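Participant: here's a sequence, model it:
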Amino acid sequence: MLKTALVTGGSRGIGRGIAERLLSEGYRVAITSRSEADEDARERFLCIRADNSITEDRERCVETCIREMGGIGLLVNNAGVAPNVRADLLDMSEGSMRRLIEINLMGPFFLTQAVARHMISRGDGTIINITSCSAYAVSTNRGEYCISKAALAMATQLYAVRLAEYGIPVYEIRPGIIATDMTSGVKEKYDRLIAGGVTPIKRWGTPSDVADAVSVLAGGKLPFCTGDVLNVDGGFHLTRL
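Facilitator: The predicted structure is shown next:
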């Protein structure tokens, strides 16, 4: 497989951790972000300023990667957002739902569509979707986030079936409580939950933990697997009595 990777939302947090890991493993890495990448990122990665929810930006992103890197061997759909306001399900606005569906679902879905066509023409590739434990764990004050991640989980299965005949595996990684700027505002809450045993492994996850999972799935050592879910959540998904 061509050792080039496109990581969406790669300028910070989980995406940055993934991009740095892939770079250390010999990949040429392109990252996208909606704002200007910092100087360190611009020195190490092919930085593309793009909004994943905009069709023209996605098309330009793919074209740039093909032109500048020779192709895309690995796609990591990481870019995503949380609601601007955590609103109860009975008060959630249509605008908030629309925003999260466009960014968290439609963006990666149609970027995958475009990249998959490219991978089919090349004859190989791997696709990884970063979802969340919220794909199955209910949070009634951010229902739009849960719905968008659950839908992306189904998109993973759909593409896994559709692309299997071309030898292109599609995987899902479900992070749990990960220390990033997205979770910094609820740090005290999750500190208490972790101390109380909400996860069997009693610590915060890190972007490096998610990058470990990407490295495993991208390494080509699971040739008879596709559509699989890898939970990176300290055991949060385990049902306990």
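
Participant: from Val115, how far off is Val85?
Facilitator: From Val85 across to Val115, the span is 33 Å (C-beta to C-beta, to the nearest Å). The way it works is simple: take the backbone N, C-alpha and C, and place the C-beta from them, glycine included.

Participant: more neighbours: which of these two?
Facilitator: The residue with more neighbours, out of Val85 and Val115, is Val115; 25 against 11, by other C-beta atoms under 10 Å.

Participant: name the helix or strand for the more buried one, please.
Facilitator: In this structure, Val115 sits in helix 107-122 according to DSSP states H and E.

Participant: name the residues that touch that helix?
Facilitator: 2, 6, 8, 52-53, 55, 58-59, 61-62, 66, 71-73, 75, 77, 79, 125, 127, 129, 152, 155, 159, 162-163, 166, 168, 170 (C-beta atoms under 8 Å, 6 or more residues apart in numbering).

Participant: go on, stretch 196-215?
Facilitator: The contact list for stretch 196-215, computed with C-beta under 8 Å, 6+ apart, reads 13-18, 20-22, 25, 76, 128, 130, 173, 175-180, 190, 194-195, 230, 232-236, 238, 240.

Participant: about what we covered before: drop anything exposed from the contacts of helix 107-122.
Facilitator: Buried by 16 or more other C-beta atoms under 10 Å: 2, 6, 8, 52-53, 58, 61-62, 71-73, 75, 77, 79, 125, 127, 129, 152, 155, 159, 163, 168, 170, out of the contacts of helix 107-122.
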